[in-house]
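Chemist: Sharing a model prediction with you, sequence too.
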Protein chains: 4
Amino acid sequence: MDFSYSDKVQELRKKLTEFMEAYIYPNEKIYRNQLNQQSDRFGSVPPIIEEIKQKAKAEGLWNLFLPDNEYGAGLTNLEYAPLCEIMGRSVVGPESFNCNAPDTGNMEVLVRYGSEKQKKEWLEPLLTGEIRSCFSMTEPDVASSDATNISTSIVKDGDEYVINGRKWWSSGAGDPRCKIAIVMGKTNPDAPRHEQQSMILVPMDTPGVKIERMVPVFGYDDAPHGHAEITFENVRVPAENIIWGEGKGFAIAQGRLGPGRIHHCMRLIGLAERALEDLCKRVQERETFGKKLSEQGVIQEWIANSRIEIEQARLLTLKAAYMMDTVGNKEAKTEIAMIKVVAPNMALRVLDRAIQAFGAAGVSDDFTLAYHWANARTLRIADGPDEVHRRQIAKLELKKYS
Amino acid sequence: MDFSYSDKVQELRKKLTEFMEAYIYPNEKIYRNQLNQQSDRFGSVPPIIEEIKQKAKAEGLWNLFLPDNEYGAGLTNLEYAPLCEIMGRSVVGPESFNCNAPDTGNMEVLVRYGSEKQKKEWLEPLLTGEIRSCFSMTEPDVASSDATNISTSIVKDGDEYVINGRKWWSSGAGDPRCKIAIVMGKTNPDAPRHEQQSMILVPMDTPGVKIERMVPVFGYDDAPHGHAEITFENVRVPAENIIWGEGKGFAIAQGRLGPGRIHHCMRLIGLAERALEDLCKRVQERETFGKKLSEQGVIQEWIANSRIEIEQARLLTLKAAYMMDTVGNKEAKTEIAMIKVVAPNMALRVLDRAIQAFGAAGVSDDFTLAYHWANARTLRIADGPDEVHRRQIAKLELKKYS
Amino acid sequence: MDFSYSDKVQELRKKLTEFMEAYIYPNEKIYRNQLNQQSDRFGSVPPIIEEIKQKAKAEGLWNLFLPDNEYGAGLTNLEYAPLCEIMGRSVVGPESFNCNAPDTGNMEVLVRYGSEKQKKEWLEPLLTGEIRSCFSMTEPDVASSDATNISTSIVKDGDEYVINGRKWWSSGAGDPRCKIAIVMGKTNPDAPRHEQQSMILVPMDTPGVKIERMVPVFGYDDAPHGHAEITFENVRVPAENIIWGEGKGFAIAQGRLGPGRIHHCMRLIGLAERALEDLCKRVQERETFGKKLSEQGVIQEWIANSRIEIEQARLLTLKAAYMMDTVGNKEAKTEIAMIKVVAPNMALRVLDRAIQAFGAAGVSDDFTLAYHWANARTLRIADGPDEVHRRQIAKLELKKYS
Amino acid sequence: MDFSYSDKVQELRKKLTEFMEAYIYPNEKIYRNQLNQQSDRFGSVPPIIEEIKQKAKAEGLWNLFLPDNEYGAGLTNLEYAPLCEIMGRSVVGPESFNCNAPDTGNMEVLVRYGSEKQKKEWLEPLLTGEIRSCFSMTEPDVASSDATNISTSIVKDGDEYVINGRKWWSSGAGDPRCKIAIVMGKTNPDAPRHEQQSMILVPMDTPGVKIERMVPVFGYDDAPHGHAEITFENVRVPAENIIWGEGKGFAIAQGRLGPGRIHHCMRLIGLAERALEDLCKRVQERETFGKKLSEQGVIQEWIANSRIEIEQARLLTLKAAYMMDTVGNKEAKTEIAMIKVVAPNMALRVLDRAIQAFGAAGVSDDFTLAYHWANARTLRIADGPDEVHRRQIAKLELKKYS
C-alpha cells in the first residue's frame, strides 16, 4: 500500500495549486456577482467560468478524473485523489477542470458501457466541456436509499422506449448547457431484484421531459447547476439509447457510484482543509476578553480535532483509492462504504467549528463556509445515506465470523 | 418549583393550538408563495400575515410575551413558556401573535426604560403591530461576542447625538414596516468597561442611515424580515432619543437579553417538537429493504434520543423561567446561560435526525426542517456564542469552591 | 408539576447532609481499611458500617426509601428523590440508612406482594438492617435483557418447589449477613409469554444453593456485598415461599423495577454532583504551563457541560418521580425509561471528565472517581440495557402518530 | 508513503499470529489462575510466562521492538507496527516477546544514551528478559502533564548523586524481577526550563528506595507488574549512573516517548481489533426479542463505526511510524501527538460498545474487555493527557498561518 506521489502527480499538484491561486479563488466572487446580475439565475452561465475552462484546458488540467487513457488523463484513483482534493477546495473548482459531478460519473458510464454511437454523440461534447449532463435516479415518492424502490417505467414499444416517472435531485439539469440525462428506471419489474432496472439516454429537449422546478438545498438554489424535479411523461427515445442493455441499470449504478463516491470524498477533504485554514487565520485576527481567539483552549481543541479528523479521512480515502486500483471496486466495497460515511461527517464537523469561530460571518455568504456546509450535508444522503453504508459495513464484518 | 399550568395558561394553550391548526400551518405555503411572487422580496409583506394578525388580535392572542400588565398580557415567564413554545412551531407563528424577535425585546426595553415620549411614539405602534423595529448591536469588524469590543460611536453635539458606525445582523431591518432601530454604541470610551455604552433610538428614515445589503443565513434571505448590514454615517438624532441615559447600554442589554434568550429557547423547543412529530409520521410511511423505516433500530434510537433531549431542554427552560420570575434575571444567570447553550444544540440534533430520515426531501424547502435548522444554527451564535455562556457557567460553578 | 421541597423534606435534607459530613465521608477510608485488613474480604463486614447504621437509625434517617407508612417513612418518590441523591454521594451512604439496593427493592416486593408469614420472617429483619438479601434474576447463559429468555426452572413437587438453574450478578449475596434470595424462574414455560415466570424466596442456607464465585466489576470485587454467581441444584423450598402466586414473576419485576430504577438514578446524580465538586476543587489547586487548570478553557467547558447535564438529569428524574406518584408507574413508563438511559450516561461523562482532570490520581483508589465510574457503567446494563429502554421510548413515541 | 509489508514483515506476522493462537490466548486464563493462587500477588511471577518467553525466544520472536541492529531486531517503526499490534491483542502478549512497556522504552534509552558500563550491567539482562525495570517520572504532588513541574531532586555530592522525592505510577516496579529504575528529577532547578532535569539509574535495592504501595487502576492491581508509589529518601548512587549527562533528562524523555507512544497505539489497535472480533462473534450467538443481536440495527451501527475507527487509527499510526522512520521523531511530532490522542479514544469506544453488547459479562473478568478498557483509559493520561497533545497539535497548525 504505497501512497507516495509519483513525479507526474507532484507536478500536477503544483500546477493545480498555482492555478487555484491564480484563477479560481480570485474569481469566486466574480462568478457569484455575474450570477446575481443575471435576470434569471438559471438562464445563462457566468461567463467567467468558460474563460477559466479555456485556461485550464490550455494548461492540460482537463479531464484528470478519467482513468481511461484514450479519453482522459489515464490517472489511477490514487493518483487522482490529491488532485481532486485540490479542485474541491472551491465550488468553482471542479467544473473549471471538467471534473464536476454528475458529468464525471456520466462520462465514465459512457466510456465504460456506451455504444460507439452514444460516445460520439454525447461523450465527446461532454469531454470538451461543450455540453453538460444530469443523472436522474432519485424519486420523490419512494425512499430511494433502497434502489429497488425506484418506480419510473421504461417500456419497449417497437424500436423505441417510452419513459414515465417523476425524478428529483437531477443535479445539473438547471444548466442551460445541459443537453442529456441518464435516466434510471425499470424495464422489467418481474425480473430478479437487481435486474429490473436499466439506464437510458434522454436528450433534455425530448417531448414530455419537463423541468418542474429547481429544488433548493438549505436555501441555496445552486444556480445555474440546480437540482431539478423533472417529470417524464410518455417520453419516447430510440431503443438504441439504452446503455449497455436492459436490466443492466443496477450493475452500471454500482460501477458508477464507486468512483463517484470517492471523488466526493476527495473534494470534501479539500473543502475541510480550506475551512481549517480559514479558521486558523481568522482566530489569529480577532480578540475577545483580552486575548486572541487562537489562544482560547476550546478553539485550540477545535483545531486539533479538525487536523486529526482530516488526516484520518484522507488516509482512509487514499486506501480506498488504492484498493479500487489494485483489487477492484467490488473488493474495495467496505473501504468505499467507509469513506462515504467518514468524509461528509468529518467535513461537517470541521465546517461547523469554523462557522462557530467566525461567528455571524460564518453563516453568511461572505465566506464559503455555510455554502460548503450545506453542500456537505447533502452528501450524508446522496449516493446512499450513512445508515445504509454502515449497515453494509457491519454485514461484511459479521460475515468474517459467521 | 411548581411547573404546573394554571387554568389561564391551559386555556391559552388550547386556544393557541387551535389557532395554529386553523390559521398558521395551512398558511405557511401561502405565505411563502406570496413572498416568492413579489418582484422584490423585501419590497412588501405577504398580505396573509396581516390577515392572520387581525384574527389573532381578535382572539386575544396578542402581546402574550409582555409581562407588563398595562401594555401586555401580564404573564410570567413560566406562564409564557408553553405558549411561546407553541408559537415557535412555525416560522410564521411568532409574528402572527406580535411575539417575534427583535420586536419583543425592543418593546420590553421601551416598557422598562423608555421615556413617556418614547413610549408614545414607538412603543404604541409596535404594540399594535403597525410598525416593526430592529436592534443594531453586532458589528462586522470586531468579535461581538465580547460586547465591550463594540466600536460604533454616539457623540453628543448640542442637543443631538451623532452616530457613526457599521452594524450587521440588524434583523428585521429588511421589513418595509420597520421604522425604528435601537442602536448600541459607545458614548464614552473612557468610562469603566461596562459604562461606556448607550442605546439610542434611530428612526430608519434618518439621513445617514443606509441599509447596505441583506445578509443571508445559509442560503436564506429571510425576506421580508431580513438581516441587514447598515452604515450609520453622521446620523443625527435628538438627545432625547437616548434610552434611560448615557452609559446604560450594557445594563439595558443585560436586562433585554434574559427574556430574549428564554423566548428563543422556548421557540426552539417548539420547532424541535414539530420536527420529531414530522419524523415519526414520515418513517411510518416509507419503506426500505422490506420494512418500514420506523422499524429500523437506528431510527428508533434517533426518536428516543430526540424525545429525551427535548424533555430535558424543556424542563431546564421552565426552571430558568421559574427562577427569573422568582429570584430575578440576575440570580437566574446560570440557568439562562445553560438553556442558551442547551436549546439550540438540542434543536439542531433533533432537526438533523429528521433531515436524515427525510432524505433528500429534508434539505429542500418542501418541509420546514432545513429552514428551521439554519435558523437554530444562528442561535448558537446570536446573543453570545455557546463558548461564552459555557465559560460563564464554569466561572459561577468554580466560584462555589474558591 | 410541583418540584418544591416540603418542610419535611427540607428538614430531612439538612439532617442527611450533616450526617454525611459527620459520619459518612470521614469513614469511607476507615471502611476500606477495615475491609482490606480482613483475611477474607467476604468473610465479615467492616464494623464501622454497623456503628454508622445505629447512629442513622437513632437520628430517624432510616428506611426513607419505603413509601409505605406502616413499615417505612411514607415518603413519595418526589420527596425521596433529593434524599436518595444525598445518600448516593458515597458508596457507604445507602447502606448506612438501610436504603441500599437490592434490599430496598426486595423489601418493597415483600411489602407489596408478600404474605404475612413472609413479612414476619424476612421483611422485618431486613427493615431493622439485621439481615441482608439478594435478587437472583440475571443468567449467564442467555441475553437477560429480554426477560423472557430466563431459563431457571421452578417446579412444583407436592408442597414444595424444586429450583434448578444458574444465576449471576446476584448482588449482595457475598455479604455474610445475606440470608435470603428472591429468585426469578419459570414455573410454567407453556403459559403466555409474561405469565411463565414466578418469584420465590430461597433462604441462602438451603441445600443445593451454591455460591460459585464473586464476579468482579472491572477490577472491583465490591466486597463484602459482592456479585455472586450461584447455582441452584434441586433446591427445595416450601410452596408457601412463592411470592404473590405462580406466574406473577413478570408483574412483580415490573412493579419492582420502577422505583428501583429511579433510586439508581437519584444516587447517580448524587455521585455526579460529588465528582463535579471534586473536579472544581482539584483544578483550582493544580497548575500547568503557568496557570491553574481552572483557567484552562477546555476544563471550563467540562465544568459547564457537567453542570448542564446534571441539572437536566435531575429535573427529568424529578419529573419521573412526580409522575410515578401522581399517575402511577405504568403511565410513567416513558419517563422511567428516559431517566434510566439519561442518568448513568450523564454520570459516566461527568466522572470521566473528573478522572481526566485528576490525571493518574483519577484512575486510582485515592479518590472515589474510578470506583464510582465502574459502578455507573454497570447501570447502563443492569435493569435493562440502554438500547432496550430507547427502543421502548421510541415505540411509545411512534404510537402517538400511528 | 509506502505502507506495504515487506516479505520479512509478512513472515513475522504469520509466525506471531500462529504463536498467539498456540501459546498466548490459551494461556491467558492459566496465567491469571497461577497469579490468583499465589499467596502474594506481587511475590512471584506466574511460571507460565517464563515458559512462553523461552518458546518465543526460540522462535526468534524476541526484542522485535528494538530498531538497533546490534541489540535488537533492527526493524523500522513501520515494520514493527503490525507486529506490535498483534502482540497487543493480549495482556500477556508483549512481555512474552520481551516487548512490554516500560522495559522497551528503558532498553531504548540505554541503547541510545547509555554508557558501555550501563549497557553491560542493565541493558544486557533486560535484553535477555532476565530482569525487569521501571520508569519513575510521574509525581503525586504536582500536575505531571507539565513535565517542568517535576520536583524530585538529584543532587551531586562528591562522586555520588543523592536523590530525594516521591514518585508514583512507576509501572513494573511491583515485579520481583524488577532490578533497576530510571528516575527523572532535577539536577539544576536554576537551569533553562528544559535543561533542569536529568535521568539516573537507581538499582531497586539501593537503601532509601521504598515501595510504599501498589496503586490500583479501576480496581486492578496489575500484579505482578504493578504501578508503584515509591519514596526516594537520601538515595545515593554513583555519579556514573547518570544517563548521558546532567540536564539531558528532558531531551531523553522526548526521545523515549516518541517510540513509546507509538508502541502503545499499536497495541491499542490490536486490542480494539480483538474486541471487535469478540463482539461480532457474541452478537451472532445471542438472541433477544426473537432475533439475533447481530440483526439489530443499533448493534450493526456499533460494528460499522468500530471498523471505521480502527481502520483510520491504524492508518494514522502507520503514517506516524513512516514519518518517524523517514524524517525523524521531531518532524513527526504532530503525527505522534495525533495518534496519542486518537488510539486510546478509539480503543475505549470500541471496547465500550463490546462491553455493552456483552451485557453483564462485559464488565466481568470472564472476558478481557473490562480489563483492556481500564488499561486503555490510563493511556488518555499517561505520557501526557489528550488535552496537552491537542494543544500542541493546534499550536503547530496555527503556526502555519501566523
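Modeler: Received, thanks.
Chemist: Point out the residues in the stretch 301-402 of chain A that sit beside chain B.
Modeler: Residues of the stretch 301-402 of chain A lying near chain B by CB under 8 Å from any CB of the partner chain: A:355-356, A:359-366, A:370-371, A:373-374, A:377-378, A:380-382, A:385-388, A:390. Every C-beta, even on glycine, is put in place using the N, C-alpha and C of the backbone.
Chemist: near chain C too, which of the residues you listed?
Modeler: Applying CB under 8 Å from any CB to these, none is adjacent to chain C.
Chemist: among those residues, which are in helices?
Modeler: A:355-356, A:360-363, A:370-371, A:373-374, A:377-378, A:386-388, A:390 (DSSP state H).
Chemist: residue contacts, the residue of the stretch 1-150 of chain A found nearest chain C?
Modeler: Residue nearest to chain C within the stretch 1-150 of chain A (CB to the nearest CB): residue A:143, separated by 16.8 Å. Neighbouring residues of residue A:143 by CB atoms under 8 Å, 6 or more residues apart in numbering or on different chains: A:149, B:286, B:287, B:288, B:293, B:359.
Chemist: Pull out the buried members of those.
Modeler: B:286, B:287, B:288, B:293, B:359 (16 or more other CB atoms under 10 Å in any protein chain shown).
Chemist: These: which two are farthest apart?
Modeler: Spatially, the most separated pair among the buried ones among the contacts of residue A:143 is B:287 and B:359, at 12.6 Å (CB to CB).
Chemist: With residue A:94 as the reference, measure out to the closest residue to residue A:178 other than its chain neighbours.
Modeler: In space, and not counting its chain neighbours, residue A:178 is closest to residue A:132: 4.4 Å by CB to CB, 6 or more residues apart in numbering or on different chains. Applying CB to CB, to the nearest Å, the value for residue A:132 to residue A:94 is 12 Å.
Chemist: Between these two, which is the more surrounded one?
Modeler: Set residue A:132 next to residue A:94 and count neighbours by other CB atoms under 10 Å in any protein chain shown: residue A:132 wins out with 25 against 21.
Chemist: tell me the pLDDT at the more buried one?
Modeler: We have a pLDDT of 98 for residue A:132.
Chemist: same deal with residue A:323?
Modeler: 95.
Chemist: same deal with residue A:166?
Modeler: 97.
Chemist: again with residue A:149
Modeler: pLDDT, residue A:149: 87.
Chemist: hang on, the earlier thing: and the contacts of residue A:143, which of them are in helices?
Modeler: Assignment to helices by DSSP H places none of those there.
Chemist: Out of those, which is nearest to chain C?
Modeler: residue B:293 (10.5 Å).
Chemist: how deep is the closest residue to the closest one other than its chain neighbours tucked in, by neighbour count?
Modeler: Spatial nearest neighbour of residue B:293, excluding adjacent residues (CB to CB, 6+ apart): residue B:283 at 3.8 Å. Applying other CB under 10 Å, we find 25 residues neighbouring residue B:283.
Chemist: Help me confirm that residue B:283 comes into contact with residue B:292.
Modeler: Yes - using CB atoms under 8 Å, residue B:283 is in contact with residue B:292, at 6.8 Å.
Chemist: for chain A, what spans make up the helices?
Modeler: Using DSSP H, helices in chain A cover A:7-19, A:28-37, A:47-58, A:77-87, A:93-96, A:103-113, A:116-118, A:124-128, A:249-283, A:297-326, A:333-358, A:360-363, A:369-378, A:386-399.
Chemist: if we can go back for a sec, measure the residue nearest to residue B:293 to chain D for me?
Modeler: For residue B:283, the distance to chain D equals 13 Å [CB to the nearest CB, to the nearest Å].
Chemist: if I pick that residue, what's in contact with it?
Modeler: If you count contacts by CB under 8 Å, 6+ apart, residue B:283 has them with B:292, B:293, B:294, B:296, B:299, B:303, B:357, C:398.
Chemist: if you set the cut-off to 10 Å instead, what comes out?
Modeler: Listed by CB atoms under 10 Å, 6 or more residues apart in numbering or on different chains, the contact partners of residue B:283 are A:143, B:292-296, B:299-300, B:302-303, B:354, B:357-358, C:394, C:398, C:401.
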